[in-house]
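how does the following fold in three dimensions:
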Amino acid sequence: MTQRVLVADDDQALRRLLEVSVRAWGFEPVVAVDGNEAWRIMSEPDAPKAAIVDWMMPGLDGAEVIRRVRERSPHGDTFILMLTARESRADVVAGLAVGADDYVVKPFERAELEMRLRAGLRGRAAGRTGDPSPSAATDLGDIVADRYRVTGKLGEGGMGTVFEAEHIDLRTRVAIKFMRPEFARDVKARARFAREARAASLIHSDHVARVHDYGVTRGGEPYIVMDRLHGETLAQAIARRGPLAAGEVVNIVGHIARGLAAAHGHGVLHRDITPANVFLAVPMANATSAYTAKLVDFGVAKLSEEGRSPLTEQDHLMGTLEYMSPEQLQGGDVGAQSDLWALGVCAYEALTGRSPFAGRAPGDTIYRVCLAPRPKADSVQGGLPCGFQAWFDRVCAVDPNERFATSGALADALELACRAPSRPSRRDRPAWWRRNVFAGGRVQEEG
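Predicted coordinates for the structure are as follows:
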């Protein structure tokens, strides 16, 4: 019998997205539009044994729903995941205190939400059977695959932990991404992890982080051996420095466009291009030298050889909401133009310091991507090249057929657009500009 999962959220667009996602993950969604309906469902004798509950809802809020569920059955086996935009430490403590088993902050990654849901259900099942969950087996000094010695921890993500390691014989430094133990038992999660390794290993480009090896440790942890990169992500660069210069953005886009050309040439769609997945890599010996932009993290990539398998059919909803194309959000066919869309969004954010489609809530973001007019970059950041807006309008056109055909064409067009003189910011525009550009109460496009 299919596992039933309550989906309770008053945001219609987000509720629909959760409903479709839960069904794609192999569960049966039971939908509630507010807290009162959520409590009615959870108080029934055959209530779902898993729930994704928004905190702020009309009627009963999510915290009260969870409190009542726990009060009704303090030793029950229902797994409850609280979903909310409240992210302070006090809010996390309060959410867990009323009885939530886990806590995910909006905006969220669908891959992480799925894995947390599956991990919670496995934990409940393990509690009933007495089968303990696996524990992490990776420590400093551990030897992996008889040839890599773990030397340090680099970072942690939703599904994996990345360590630095040294090849014992070659003395070269690599990065090893281990799948977190709580996810390692899930068949679909392991398949997705293996697909990440296979997708990246197919691509030979200076602008894609290379994968050298893949395997499973004796403790059952899948791992991927990758380039050890030094530098920072584009997201970190924007947060640290603010908007980047147009020439620098042209170079970054050109690098990633070459990486995408290589990926698309091998039938690989990345499907999650964000500033966090663009790495600005510098040589280890000289951190002040010019960097090379590289595309990383092929965790939700699609390979053309897979066709329409169950694994890839569910993944059209994977990715980061504000960087997903309209066809991704609407469940349509996803092709190379979706990757180009996301690269265009990254370029806008790099030039302005602000994501063009980020909304106050997931539903607002979906509306901005799919229905609203394209945002005007010069209303956010002055001094942009005059040709940038036309380039952005094309690369992020709602209709994929109106976008650039290839990543190379996209990069060439951006370089040409950024050769045009910069447009003064509105506060710096002199009187002659206002007289000539503004006419009849409307802004006129200057030649």
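
make it CA atoms for all contacts and neighbour counts henceforth
OK.

looking at this, H212 is in a helix?
No. With DSSP: H, G, I helix; E, B strand; the rest coil as the criterion, H212 is located in strand rather than a helix.

can you pull out the low-pLDDT segments for the stretch 151-300 of the chain?
Residues of the stretch 151-300 of the chain meeting the criterion pLDDT under 70: 157-158, 285-289.

so where is the stretch 1-150 of the chain shaky, pLDDT-wise?
Residues of the stretch 1-150 of the chain meeting the criterion pLDDT under 70: 1, 74-76, 87, 89, 123-139.

how about the helices in it?
Assigned by DSSP state H, counting those that start in this stretch, the stretch 1-150 of the chain shows helices spanning 12-24, 35-42, 62-72, 89-97, 110-129.

closest one to V369 among those helices?
For V369, the closest of these is helix 12-24, at 12.6 Å, according to CA to CA.

so which bits of the closest one are buried?
Across helix 12-24, burial judged by 16 or more other CA atoms under 10 Å covers 13-15, 17-22, 24.

same check, this time on stretch 179-193
Buried residues in stretch 179-193 (16+ other CA under 10 Å): 179-185, 189-190, 192-193.

dump that stretch to PDB, restricted to CA.
Presented in PDB, the C-alpha positions along stretch 179-193 are these (Å, rounded to 0.1, in the frame of the first residue of the first chain):
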ATOM      1  CA  MET A 179      26.700  10.300   0.700                       C
ATOM      2  CA  ARG A 180      25.300  10.900   4.100                       C
ATOM      3  CA  PRO A 181      24.600   7.600   5.900                       C
ATOM      4  CA  GLU A 182      20.900   8.400   6.500                       C
ATOM      5  CA  PHE A 183      20.400   8.600   2.800                       C
ATOM      6  CA  ALA A 184      22.600   5.700   1.700                       C
ATOM      7  CA  ARG A 185      19.900   3.100   2.200                       C
ATOM      8  CA  ASP A 186      17.500   4.700  -0.200                       C
ATOM      9  CA  VAL A 187      17.600   3.100  -3.600                       C
ATOM     10  CA  LYS A 188      16.600   6.200  -5.500                       C
ATOM     11  CA  ALA A 189      19.000   8.400  -3.600                       C
ATOM     12  CA  ARG A 190      21.900   6.100  -4.400                       C
ATOM     13  CA  ALA A 191      20.900   5.900  -8.000                       C
ATOM     14  CA  ARG A 192      20.800   9.700  -8.200                       C
ATOM     15  CA  PHE A 193      24.200   9.900  -6.500                       C
END
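
picking that back up, could you dump the buried residues of helix 12-24 into a markdown table with distance to K106 added?
As requested, the buried residues of helix 12-24 are exported to a markdown table (distance: CA to CA, whole Å):
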| residue | distance to K106 |
| --- | --- |
| A13 | 14 |
| L14 | 10 |
| R15 | 13 |
| L17 | 13 |
| L18 | 12 |
| E19 | 16 |
| V20 | 17 |
| S21 | 15 |
| V22 | 17 |
| A24 | 20 |
